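Enquirer: Have a look; sequence and predicted model below, questions after that.
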Amino acid sequence: MRLSTKGRYAVMAMADLAVHEAGMRPVSLADIAERQEISLSYLEQLFAKLRRNGLVTSVRGPGGGYRLGRPSNEMRVSDIIMAVDEPIEATRCKLGSAKGCTNVGGRCITHDLWEELGHQIHNFLSKVTLADVVEKKVLGRAALEGEVGGVGDGLAAA
């Protein structure tokens with residue numbers, strides 16, 4: 001599974017914005033670029049997509065910059081990744097292609113495994129908010145979600 005730089009940088013920049021927009025003061029991309037060590041021109045491209053998707057708003061003029069488009073506790077990490085055109089795919093198949101994973105037009109033997117992994121990653125990132133990231137409430141979540149089934153899930157020890 002490969003999450004591209006575009007998706008990672010967009011989440012990093014949005015987390016930085018969430019931390020630094022205290023008092024609803026706009027945050028400049030130059031400041032985010034410096035703190036996160038991301039190219040300013042790259043951030044400008046990402047924020048254009050984030051703005052088009054309503055995840056940020058821009059403020060022009062002196063003291064201008066960006067603000068979150070909605071509260072960080074209402075913004076899912078998956079929303080950010082999808083806004084910068086980064087679908088989470090773990091298979092070799094091209095979306096909508098009739099060719100499949102292999103050169104002979106079928107699906108590879110592990111296709112279902114990788115497709116399900118992609119679904120699990122998307123489901124996880126859909127449950128994590130930007131506020132969770134900023135408040136450091138992400139570590140350990142996968143273990144907690146795995147415990148939901150408990151002993152009654154058919155995996156009880158003999």
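Expert: Cool, got the structure. Residues are numbered from 1 along each chain as shown.

Enquirer: distance between stretch 49-64 and the chain's centre?
Expert: Distance of stretch 49-64 from its chain centroid, counting by CA atoms, centre = their mean, to the nearest Å, is 19 Å.

Enquirer: And that stretch, end to end?
Expert: Between the opening and closing residues of stretch 49-64 lies a distance of 18 Å (CA to CA, to the nearest Å).

Enquirer: Flag every buried residue along stretch 67-76.
Expert: Within stretch 67-76, the residues that qualify as buried by neighbour count (16 or more other CB atoms under 10 Å) are Arg67, Leu68, Gly69, Ser72, Met75, Arg76. Every residue, glycine included, has its C-beta placed from N, CA and C.

Enquirer: what would those look like in CSV with secondary structure and pLDDT?
Expert: As requested, those are arranged in CSV below (DSSP: H, G, I helix; E, B strand; the rest coil; pLDDT from 0 to 100):
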residue, secondary structure, pLDDT
Arg67, strand, 95
Leu68, strand, 95
Gly69, coil, 95
Ser72, helix, 94
Met75, coil, 96
Arg76, strand, 97
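
Enquirer: Nearest to Ala13 among these?
Expert: Using CB to CB, Leu68 comes nearest to Ala13 of the buried residues of stretch 67-76, at 11.3 Å.
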